[in-house]
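Enquirer: sequence and predicted model, in that order:
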Amino acid sequence: MKRGPSAFNIASVVAGLAFLHLPIVLLVVYSFNASRLVTVWGGFSTKWYGALLRDDQLLAAIWVTLRVGLISASLATVLGTLAAVALVRSGRFKGRLLFSGMIYAPLVMPEVILGLSLLLLFVAFGLPRGFWTVTVSHATVTLCYVTVVVQARLISFDKALEEAARDLGCTPLKAFFAVTLPNIAPAVAAAWMLAFTLSLDDLVIASFTSGPGATTLPMRIYSQVRLGVSPEINAVSTLLVGLVATGVIAAYLFQNRRRGRDA
Amino acid sequence: MKGRPRTGLAALAPFLWLGVFFLFPFLLVAKLSLSDTALAMPPYAPRVDWSAGWAGVRAFFAALDFETYARLTRDSLYIASYLSSLMFAAVATGILLVIGYPIAYGMSRFAASTRQALLMAVILPFWTSFLIRVYAWIAVLKPEGLLNTFLSQFGLPELNLLNTDTAVYIGLVYAYLPFMVLPLYAVLEKQDQSLLEAAADLGCTRTQAFWRVTFPLSLPGVGAGALLCFIPMVGEFVIPDLLGGSGTLMLGKTIWTEFFANRDWPAASAVAIAMLATLVIPIVLYQRQQTKMIEAGR
């Protein structure tokens, strides 16, 4: 028997969710405000979205951000999945503690430290800062998130299937691609999504490791935010929120449908 | 039974990658914190003079010193911002526990199908851009913002919260709430309900059962949530920069200012090393705990 939620339970959940969502909802609503003032509702308008299309610097920043996100997320997914396989499948190996430390530390490490240390690396090797330095930095940080997500799935995956494939004559590589990878594919896809959104979102690491010509969208938003609230930022934020929300909900429904089919 | 599959080679690639791009850069930060500022590009000295061969390397090491650290301890601003960072992070973690626990607990009481939807609703803001979520609060908190418009409609006095420490606390709690709720929920959801029935049979009231059974069993979640929030909050930059005032002192902001505004790279590195030295223990605790949870799930 399980007690249902009490009035207090319901109240705390509702209040918590309201607190989490209300500021974003207000931001979305006011992006359609015809008035430039934040608190004066001047009627419904989409003019700020039109203004975005004419902002060349902003469009360039969006393009840079998308390319950084796509490349760094793909790189991170490959490396992070390999790391997850290594951590789950190889039991105790030399340097395991150091390895798992390198996976978990970046998850909580303050971003300013990560950004500063990566920048010093690029400076030490005399690499010009720009598109590739941001991409490599993002891949480094997000690969740890990928490892954690994929690892959780690998642990619940039955190792006997892989062993059966080996007994039937598969090489380890073939067993991985024919049996393991299809089974962990939803987690790998979710991990890619996570890496991609984290890259889209990052301001601090990009600010340290980027150079002229590689201004990302968060860097651009940040420089405008420092000047104050503006309806254009509300509009571009709304687009970003909408994009991410659609992606996350689609991924969730997709995974649920799969789960339903598997059961 | 065949021998253990050879994954050593696969492990090598991410291992090397993290070695080069994560571990090695910390040595550079440590080295730079021992250097001096210089009017050059990059703005620090000494640099290794490879053309001088062995003598150049020796001269380089001889020129390293703890002068930057000494300089930082002489300036009360750095000490103050170090202490105030820890204070902000500790207090915000406490507030997060107090408001996150009832939310996670409440969620775990709902039926399984509703729980899925609630979980989604908590995760969604986590995926939404951090910067945008902090930015959204500026419109709420600023003097002629939405909060004051709301208050004045009820004839209540206006609050000037933007660019105050209160705004920083609001921002920290808001941004990190999902990181607190999710680990708590993960533990609470799995809890065996028959334990509560047993406690009731043995004469516990609901409150007693909560404090004697539910809460002690949820301590791993409390620990995970607290570490997951505390560690990055110590170095938080965006929130104190956008919501805090000029008097708000936090290490993340200090590093940023030293680096970008003052171009004092050795000072920024020394502050980073000091912060790292403080966070090493919580980070190791976090790693231990995650590994333990994964071993338990095996």
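Expert: Great, that's in hand.
Enquirer: report pLDDT for the residue lying closest to A:I24 once chain neighbours are set aside.
Expert: Distances taken as CB to CB, 6 or more residues apart in numbering or on different chains place B:A136 nearest to A:I24, at 5.8 Å, with adjacent residues excluded. Quick note: C-beta positions are derived from backbone N, CA and C, even for glycine. pLDDT for B:A136: 89.
Enquirer: is it fair to say B:A136 lies in a helix?
Expert: Yes: with DSSP: H, G, I helix; E, B strand; the rest coil as the criterion, B:A136 is assigned to a helix.
Enquirer: which ones are touching it?
Expert: Under the criterion of CB atoms under 8 Å, 6 or more residues apart in numbering or on different chains, the contact partners of B:A136 comprise A:P23, A:I24, A:L26, A:L27, A:S237.
Enquirer: with B:P157 instead?
Expert: By CB under 8 Å, 6+ apart, B:P157 lies in contact with B:L151.
Enquirer: that older thread, for the contacts of B:A136, pick the one with the most neighbours.
Expert: Going through these with other CB atoms under 10 Å in any protein chain shown as the criterion, the one with the most neighbours is A:L27, at 26 neighbours.
Enquirer: ramachandran angles for that residue?
Expert: Dihedral pair for A:L27: phi -60, psi -40, per degrees, to the nearest 10.
Enquirer: so who does it touch?
Expert: Listed by CB under 8 Å, 6+ apart, the contact set of A:L27 reads A:N234, A:S237, A:T238, A:V241, B:I132, B:Y135, B:A136, B:A139.
Enquirer: max pairwise distance over those residues: which two?
Expert: Farthest apart among these by CB to CB are A:V241 and B:A139. That separation is 14.2 Å.
Enquirer: all strands of the stretch 1-150 of chain A, in order?
Expert: Listed in chain order, the stretch 1-150 of chain A contains no strands at all (DSSP state E, counting those that start in this stretch).
Enquirer: thinking again about what came up before, go through the contacts of A:L27 and flag which are in helices.
Expert: Here DSSP state H is the test, and the contacts of A:L27 give A:N234, A:S237, A:T238, A:V241, B:I132, B:Y135, B:A136, B:A139 as lying in helices.
Enquirer: got a markdown table for these, with distance to B:F24 too?
Expert: Supplementary listing: these in a markdown table, determined by distance: CB to CB, whole Å:
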| residue | distance to B:F24 |
| --- | --- |
| A:N234 | 41 |
| A:S237 | 36 |
| A:T238 | 41 |
| A:V241 | 37 |
| B:I132 | 33 |
| B:Y135 | 35 |
| B:A136 | 38 |
| B:A139 | 42 |
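Enquirer: and the residues you listed, which of them are buried?
Expert: With burial judged by 16 or more other CB atoms under 10 Å in any protein chain shown, the buried subset of the ones in helices among the contacts of A:L27 is A:N234, A:S237, A:T238, A:V241, B:I132, B:Y135, B:A136, B:A139.
Enquirer: can you name the residue of chain A nearest chain B?
Expert: Evaluated by CB to the nearest CB, chain A has A:P110 as its residue closest to chain B, separated by 2.2 Å.
Enquirer: now do the contacts for that residue.
Expert: Going by CB under 8 Å, 6+ apart, A:P110 touches B:I231, B:P232, B:V234, B:G235, B:E236, B:F237, B:L251, B:G252, B:M275, B:L279.
Enquirer: please, which helix or strand holds the first one?
Expert: Just to be clear, that refers to B:I231. When elements are defined using DSSP states H and E, B:I231 is found to belong to helix B:219-234.
Enquirer: quick one: contacts of that helix?
Expert: By CB under 8 Å, 6+ apart, the list of residues contacting helix B:219-234 from outside reads A:108-111, B:85-86, B:88-90, B:92-93, B:96-97, B:100-101, B:104, B:172, B:176, B:179-188, B:251-252, B:275, B:278-279, B:282-283, B:285-286, B:289-290, B:293.
Enquirer: next: stretch B:285-293.
Expert: Contacts made with stretch B:285-293 from outside it, assessed by CB under 8 Å, 6+ apart, are listed as A:S100, A:G101, A:Y104, A:A105, A:V108, A:V148, B:P220, B:G223, B:A224, B:L227, B:L228, B:I231.
Enquirer: filter those down to the buried ones.
Expert: A:S100, A:G101, A:Y104, A:A105, A:V108, A:V148, B:P220, B:A224, B:L227, B:L228, B:I231.
Enquirer: list the buried residues in stretch B:137-150.
Expert: Going by neighbour count (16+ other CB under 10 Å), the buried part of stretch B:137-150 is B:W137, B:I138, B:A139, B:V140, B:L141, B:K142, B:G145, B:L146, B:L147, B:N148.
Enquirer: check whether A:F32 really touches A:G43, as I assumed.
Expert: No: no contact is recorded between A:F32 and A:G43 when judged using CB atoms under 8 Å, the distance being 9.1 Å.
Enquirer: the more surrounded of the two?
Expert: Neighbour totals were compared for A:F32 and A:G43, and A:F32 leads with 18 against 8 (other CB under 10 Å).
Enquirer: residues contacting that one?
Expert: A:F32 sits next to A:F44, A:S45, A:T46, A:W48 when contact means CB under 8 Å, 6+ apart.
Enquirer: let's have the residues you listed in TSV, adding pLDDT.
Expert: Rendered in TSV, the data for the contacts of A:F32 read as follows (pLDDT from 0 to 100):
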residue	pLDDT
A:F44	86
A:S45	84
A:T46	84
A:W48	85
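Enquirer: of those residues - the most surrounded one?
Expert: A:W48 (21 neighbours).
Enquirer: which neighbouring elements make contact with the helix or strand of chain A with the lowest mean pLDDT?
Expert: Across the helices and strands of chain A, mean pLDDT, DSSP states H and E gives its lowest value to helix A:231-262, namely a mean of 76. Other elements packing on helix A:231-262 under the criterion 3 or more CB pairs under 8 Å, 6 or more residues apart in numbering or on different chains; DSSP states H and E are helix A:7-30, helix A:47-53, helix A:181-201, helix A:217-225, helix B:112-127, helix B:130-141.
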